[in-house]
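Q: Could you look at this predicted model? Sequence included:
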Amino acid sequence: MTDAPLPASSLRRTLLRWLILPLVALVPLSAAVVYALAVRPALDGLDRALTDTAVALNGILEVHDGQATLPLSAQTLRALRADLVDEVAFVVGDARGQPLGGDTALLALAPPLAPGQWRFFNATLRGRHVRAAAFGARCGEPAQVCTILVAESLGKREDAERAVAWAALAAAVLLALSLGLLSVLAVRRGLRPLQRASVEIGSRSLQRLDPIAPGSVPREVAPFVVALNDLFARLRLAASAQRAFVEDAAHQLRTPLSTLRVESAQALAQPCPPELQPTLQRLHAAAERGAHLVQQLLTLARADGAALGAGTPLARIDLAALAAASADDWLRPALAAGQDLGFDLEPAWVDGDALLLRELLGNLIHNAVEHAGAGARITVRTRAEAAQSLLQVIDDGRGLPADELPQVWDRFRRGAAAGGLGTGLGLAIVRDIARLHGGDAVLQPGTDGRGVAATVTLPCSPEPVANLS
């Protein structure tokens, strides 16, 4: 049986990809928008600082008899040029464009102005980039305009732009990370019902095909669950029909085969011509084999149809007691085959069906008696290890080639050198019953590589407390 291929894509990855990748693309865009919205007010505030200096100069400007003057003290000059970051320059020119005070080179940058008009612009002063504010101040006649020009280097503006850019980027990244985390949590929470449904589907088997409640999954997945439930219903019908056919066929064959078996045994016991003796022996062996096959088919059908804990009563069973109770049934066949059958039993408790577990043990012992050969030692061992109860049947007989060990578990599959009345169903029944009880069965080479060791592991149950009342 080959492993099913893994799905090509993950729904979780697909959802996260469509949610998170757009966020990654939107980070620079949102940062640019935040930057554009935040940097303009910051730069406008710096421009207003330039206007404060220009307004101060306008307040100092005096006009007497049509002549404009700018009486500036040394202290005022220092105050107007004081700045911790940038270099500040200013100039005041009269209506004829002659400087009244300040940096004369700056006057060459003055744009044409109307009375009361403000102009802000970038320029270059002595090789340095500056930001300038120009104001047309009335001086003398109403039509005469004195130019007040204030400029400063771009240090504070560059700092402001850099700070706004980092703040915008940090805000965008924080928003993207928050939305990404929320997306992961939302996808995980949204897929949780699907994970529960997958666990429910994974727990289904031919013994447990009860429907899944559509209300336990999201509305979009409910049609898929309904379709699965319909498939489960068809599988239940098919499995039930198959089991019924096997049981009916086995029951119909049991009576004629039993009659044939008894009649052939009686014929062998009666005097008969020597030439008929081999034919009667073959007939009796075929009847024995057919009866054994019918019994195995009935057991297999019962194991396939059982669902422990769902209508089948469970009992607390000690595998050691179960093996001890079956000892008498197998001592005589083992002695007849010239074998030494021994028991090494320690308490090993399980919850299960006593009839099926007895059938499991019987098949293991029968398999060893049939195939170990004369002179073999067969040991039935039970013990509890950690959370498991172990049942082992070990022999030191002929054994099996290593490549045949995993193959003989298949139905109607026997070892190449197998003889006797085996049907190839015994080990298949053993594994089915073990798995029905939540365990498994394996075959390994026996002690020192001789013979075969069949080991069944089942979930261990606590030993029942004796009632002393």
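A: Okay, I see it.

Q: Count the residues that sit near the closest residue to Gly399 other than its chain neighbours.
A: Leaving aside its chain neighbours, Gly399 sits nearest to Gly451 (4.9 Å; criterion: C-beta to C-beta, 6 or more residues apart in numbering). Glycine gets a C-beta too; all of them are placed from N, C-alpha and C. Gly451: 23 surrounding residues under other C-beta atoms under 10 Å.

Q: Gly451 against Ala372, yeah?
A: Yes - the criterion here is C-beta atoms under 8 Å, and Gly451 meets it with Ala372 at 6.3 Å.

Q: Spit out the residues that contact these two alike.
A: Here Gly451 and Ala372 have Asp395, Asp396, Gly397, Arg398 as joint contacts, going by C-beta atoms under 8 Å, 6 or more residues apart in numbering.

Q: By mean pLDDT, which helix or strand of this protein comes out lowest?
A: The helix or strand of the chain with the lowest confidence, counting by mean pLDDT, DSSP states H and E, is helix 277-305 at a mean of 68.

Q: In whichever helix or strand comes after that helix, which residues are buried?
A: For helix 277-305, the following helix or strand on the C-terminal side (DSSP states H and E) is strand 315-318. By neighbour count on 16 or more other C-beta atoms under 10 Å, the buried set for strand 315-318 is Ile317, Asp318.

Q: buried sites along whichever helix or strand comes after strand 315-318?
A: Following strand 315-318 in sequence order, the next helix or strand is helix 319-336 (DSSP H and E). Residues of helix 319-336 classed as buried: Leu319, Ala320, Leu322, Ala323, Ser326, Trp330, Ala334 (neighbour count, 16+ other C-beta under 10 Å).

Q: Same question for stretch 374-389.
A: Applying 16+ other C-beta under 10 Å to stretch 374-389 flags Ala376, Arg377, Ile378, Thr379, Val380, Arg381, Thr382, Arg383, Ala384, Ser389 as buried.

Q: Dump the residues you listed into a markdown table; add distance to Asp83 as well.
A: Shown next, in a markdown table, are the buried residues of stretch 374-389 (distance: C-beta to C-beta, whole Å):
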| residue | distance to Asp83 |
| --- | --- |
| Ala376 | 106 |
| Arg377 | 105 |
| Ile378 | 104 |
| Thr379 | 100 |
| Val380 | 101 |
| Arg381 | 96 |
| Thr382 | 95 |
| Arg383 | 91 |
| Ala384 | 88 |
| Ser389 | 89 |
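
Q: Only alpha carbons, please: show the strand or helix carrying Ile429 as CSV.
A: Element membership for Ile429, per DSSP H and E: helix 426-436. Output of helix 426-436 as CSV, limited to C-alpha atoms (Å, rounded to 0.1, in the frame of the first residue of the first chain):
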residue,chain,number,x,y,z
GLY,A,426,-4.6,-16.5,10.3
LEU,A,427,-2.1,-13.7,10.5
ALA,A,428,-4.4,-11.3,8.7
ILE,A,429,-7.0,-12.0,11.3
VAL,A,430,-4.4,-11.4,14.1
ARG,A,431,-3.5,-8.0,12.7
ASP,A,432,-7.2,-7.0,12.1
ILE,A,433,-8.1,-7.9,15.7
ALA,A,434,-5.0,-6.1,17.1
ARG,A,435,-5.8,-2.9,15.2
LEU,A,436,-9.4,-3.2,16.2
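
Q: Could you list every helix and strand in contact with it?
A: With contacts taken as 3 or more C-beta pairs under 8 Å, 6 or more residues apart in numbering; DSSP states H and E, helix 426-436 sits against helix 277-305, helix 354-371, strand 440-445, strand 452-459.

Q: now Arg391, what's its secondary structure?
A: No Arg there; residue 391 is Leu. Under DSSP: H, G, I helix; E, B strand; the rest coil, Leu391 falls in the strand class.

Q: How about the contacts made by it?
A: Contacts for Leu391 (C-beta under 8 Å, 6+ apart) come out as Leu319, Ala323, Ala348, Leu360, Leu361, Leu364, Val380, Arg381, Thr382, Thr455, Val456, Leu458.

Q: Thanks a lot, see you next time.
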